[in-house]
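> show me how the following folds:
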Amino acid sequence: MSYIKLLKMAVLRNGLQFSRLCSFNHVNKTKLLPELTVARCEFHSNNRLCFLSDGRNDVIFTKCVRNNKGRIYFQCSFSLQTESVEKGLIKEPDEYVQSIYDGLKNHDRGSLARAITLIETSNPTKKVQAKALLNLILHDQKANEVHSLKGPKTFRVGLSGPPGAGKSTFIETFGKFLTEQDHKVAVLAVDPSSSRTGGSLLGDKTRMPELSRDMNAFIRASPSRGTLGGVTRTTNEAILVCEAAGYDIILIETIGVGQTEFVVADMVDMFCLLIPPAGGDELQGIKKGIVEVADLVAVNKCDGDLVSAARIIQGEYMSALKFIRKVNLNWSPQVLRISSITKEGIPELWKNMCEFRETMSKTGDLERKRADQKKIWMWNYIKDNIMDLFRSHPVVREKISVMEDRVSHGVLTPGEAADMLMRDFMKD
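Below is the predicted model of the structure:
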C-alpha cells in the first residue's frame, strides 16, 4: 500500500499549501515519487478528498488514512494505479483503446458507439482492451470528482415497468424535454433476447424518431442475452462510457419486468417505476418487490378515456406507499400522473427528480449510494464469472452431458449430480 506524507502544513486563505511533498512506501519506506513544491492544494472535508498540483502535474489523493502529530497521510490513487499496473492487475491501453478514449473526451459519437461495442464483446482479447478503457475512464472520473464540491455532475435515472407501460414513448417525450433545456441525454435501452434463437429485435429506437435525430441525444439498444432483472451484464460500464463522452443525463430503459426484477435500481441514482392506468389495485402496490425500491412512481398514459382510470390508480398507489418502509429516510416517493402524448405532467416529473437529486446530494447519500453500488456489481461480476469458469472447466465440460443424461433418466437426482460436478471443479 502506498501512502503520501505531507510535511510543514500551512493554512492559507485559498486552501492548504504544503511547502514540501514527500512520498514513501508504508512497508519498505521506498520513495515512489520525487519531492516537489506544491503550488495549489484543495481539501474537501465532505468526502475527505485532496487535490494537489505543482503547476504542471496533478496528483489525486483519496481518503485521509491517518492524522497524528501534525502529519497527515493520504492514500494516493496515482500510486495505487501505478502499483496495479506493475502487478499486471491493470493493462496499459494500446493504440486502439487510446484512440477511443481520446474520441470520448472530444465527445465523438462514433467513439462512444465503438466503446460500448467493445465492453459488450465476449472476445477475450477485446475484454482486455475494454478493461484498459474503463480504467482510463475511472481515473479521469476520480479526478473530476475531486474538483466537484456539489457531488456527481451526472444524473442516472432508471426507468422500469411492466410490458406496455409506454417506457419508450415516455423517453421520446422526456428526452426531448431535457435536450431543449441544454442537457445531453444518453439512452441505454435493453431489448429482450429470444430464449430459442438468442436474437433481439432492438426496435426501441423506432419509437423515438425525434430523439434519434437530436444531436444532443444518444440512443443505444442492447440485447439482454438472457440476463435477468431487465438489464444487460455490461449496462453499468455503458453508463460510465456515456458519462465520459459528456452526457450528463443517463436514462436506462429496462425490458418489461415483473415484481421482483429491479436490478437496475442498483446502478442508478434514481429509480422511476412507470405503470399503466390499469396497473392493479391497492394490494398490488403493497406487495413487496419493485414498488418498495422505487424513488418515484409515474402513472403513464393519462390522456383521453384513461384519465379517470389514471387518477384512481394514482390514489391507490399513494395510499399503498404509506405502508411501505422508506428506502431513504430523507426522501418520500411521490406518485405522479403523466402523458407522453399530451406532455402533461412532464415538467412536474422533472422538478421532482431535481428535488430528489438536490436532497440526496446535500445529505451525501448520492455519493454513498454510488460507492455501495460499485461493491454490489463487483459481487455480481464474480457470480457471473464463476458460472463461466465452472462450465469451461475441462473435467466438468466432459461430464456435463453425461450428468444431464443421468438426471433426465432418473439415475441421479439433480442435487447428487450437482455435488459430483462441484467436487470435480473444486479438485483443482
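> which other helices and strands does the helix ranked longest in the chain contact?
Here the longest helix in the chain is taken by residue count, with DSSP state H as the criterion, and it is helix 365-392. If you count contacts as 3 or more CB pairs under 8 Å, 6 or more residues apart in numbering; DSSP states H and E, helix 365-392 packs onto helix 346-363, helix 394-408. (C-beta placed from N, C-alpha, C; glycine too.)
> list the buried residues in that helix.
365-367, 369-370, 373, 377, 380 (16 or more other CB atoms under 10 Å).
> ditto for stretch 306-320
By 16+ other CB under 10 Å, the buried positions in stretch 306-320 come out as 306, 309-310, 313-314, 316-318, 320.
> any chance of those in CSV, with pLDDT, distance to residue 178 and secondary structure too?
Converted to CSV, the buried residues of stretch 306-320 look like this (pLDDT from 0 to 100; distance: CB to CB, whole Å; DSSP: H, G, I helix; E, B strand; the rest coil):
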residue, pLDDT, distance to residue 178, secondary structure
306, 89, 25, helix
309, 89, 28, helix
310, 90, 23, helix
313, 89, 26, helix
314, 89, 24, helix
316, 86, 30, helix
317, 86, 25, helix
318, 87, 26, helix
320, 82, 29, helix
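> farthest-apart pair in these, please.
Within those, two members stand farthest from each other by CB to CB: 306 and 320, at 19.8 Å.
> I'd like the buried residues of stretch 306-320 as a markdown table, with distance to residue 290 appended.
Listed next are these as a markdown table, based on distance: CB to CB, whole Å:
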| residue | distance to residue 290 |
| --- | --- |
| 306 | 22 |
| 309 | 21 |
| 310 | 19 |
| 313 | 15 |
| 314 | 17 |
| 316 | 16 |
| 317 | 12 |
| 318 | 17 |
| 320 | 13 |
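> ok so, going back, could you check the angle the longest helix of the chain makes with helix 394-408?
If you take axes from the mean of the first three to the mean of the last three CA atoms, to 10 degrees, helix 365-392 sits at 80 degrees to helix 394-408.
> so helix 365-392 versus helix 346-363, what angle?
Using the same axes, to 10 degrees, helix 365-392 lies at 90 degrees relative to helix 346-363.
> quick one: end-to-end length of stretch 236-251, please.
Across stretch 236-251, the terminal residues are separated by 12 Å (CA to CA, to the nearest Å).
> mind listing what's buried along it?
So for stretch 236-251, counting by 16+ other CB under 10 Å, buried means 236-251.
> if we can go back for a sec, which among the helices and strands packed on helix 365-392 is found nearest to residue 270?
helix 346-363 (5.5 Å).
> how about the helices in this structure?
Using DSSP H, helices in the chain cover 77-86, 95-105, 109-120, 124-147, 167-179, 209-212, 235-244, 282-286, 307-321, 346-363, 365-392, 394-408, 414-426.
> got the CA positions of the third one in PDB?
C-alpha atoms of helix 109-120 as PDB (Å, rounded to 0.1, in the frame of the first residue of the first chain):
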ATOM      1  CA  ARG A 109     -20.500   9.900 -31.000                       C
ATOM      2  CA  GLY A 110     -18.700   7.300 -33.200                       C
ATOM      3  CA  SER A 111     -16.100   6.700 -30.500                       C
ATOM      4  CA  LEU A 112     -18.900   6.300 -28.000                       C
ATOM      5  CA  ALA A 113     -20.600   3.600 -30.100                       C
ATOM      6  CA  ARG A 114     -17.300   1.800 -30.600                       C
ATOM      7  CA  ALA A 115     -16.600   1.900 -26.800                       C
ATOM      8  CA  ILE A 116     -20.000   0.300 -25.900                       C
ATOM      9  CA  THR A 117     -19.400  -2.300 -28.500                       C
ATOM     10  CA  LEU A 118     -16.000  -3.000 -27.000                       C
ATOM     11  CA  ILE A 119     -17.300  -3.500 -23.500                       C
ATOM     12  CA  GLU A 120     -20.200  -5.700 -24.700                       C
END
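> could you name the helices and strands sitting against it?
Checking 3+ CB pairs under 8 Å, 6+ apart, helix 109-120 ends up next to helix 95-105, helix 124-147, strand 217-223, helix 235-244.
> and the angle for the shortest one with helix 109-120?
So that's strand 217-223. Going by the same axes, to 10 degrees, strand 217-223 makes 20 degrees with helix 109-120.
> tell me what angle strand 217-223 forms with helix 167-179.
Using the same axes, to 10 degrees, strand 217-223 lies at 160 degrees relative to helix 167-179.
> which helices and strands does strand 217-223 pack with?
Partner elements for strand 217-223 (3+ CB pairs under 8 Å, 6+ apart): helix 109-120, strand 185-191, helix 209-212, helix 235-244.
> in a markdown table, list the ones you listed along with mean pLDDT.
Converted to a markdown table, those look like this (pLDDT from 0 to 100):
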| stretch | mean pLDDT |
| --- | --- |
| helix 109-120 | 92 |
| strand 185-191 | 88 |
| helix 209-212 | 90 |
| helix 235-244 | 91 |
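> closest one to residue 173 among these?
helix 209-212 (8.7 Å).
> for residue 129, list the residues it contacts.
The contact partners of residue 129, by CB atoms under 8 Å, 6 or more residues apart in numbering, come to 91, 93-94, 96-97, 118.
> swap that for residue 427, sorry
residue 395.
> any figure for the gap between residue 100 and residue 108?
From residue 100 over to residue 108 the distance is 9 Å, taken as CB to CB, to the nearest Å.
> so those two - more neighbours on which side?
For residue 100 versus residue 108, neighbours defined as other CB atoms under 10 Å are more numerous around residue 100 (27 against 17).
> close enough to count as contact, that one and residue 111?
Yes. Between residue 100 and residue 111 there is a contact under CB atoms under 8 Å: 5.1 Å.
> show the pLDDT at residue 201.
If you check residue 201, the pLDDT there is 58.
> begin at 464 from now on, thanks
In the new count, where the first residue is 464, that last one comes out as residue 664.
> and residue 805, how many neighbours?
Neighbour tally, residue 805, other CB under 10 Å: 12.
> which residue is the nearest non-sequential neighbour of it?
Of all residues not flanking residue 805 in the chain, residue 766 sits nearest, at 5.0 Å (CB to CB, 6 or more residues apart in numbering).
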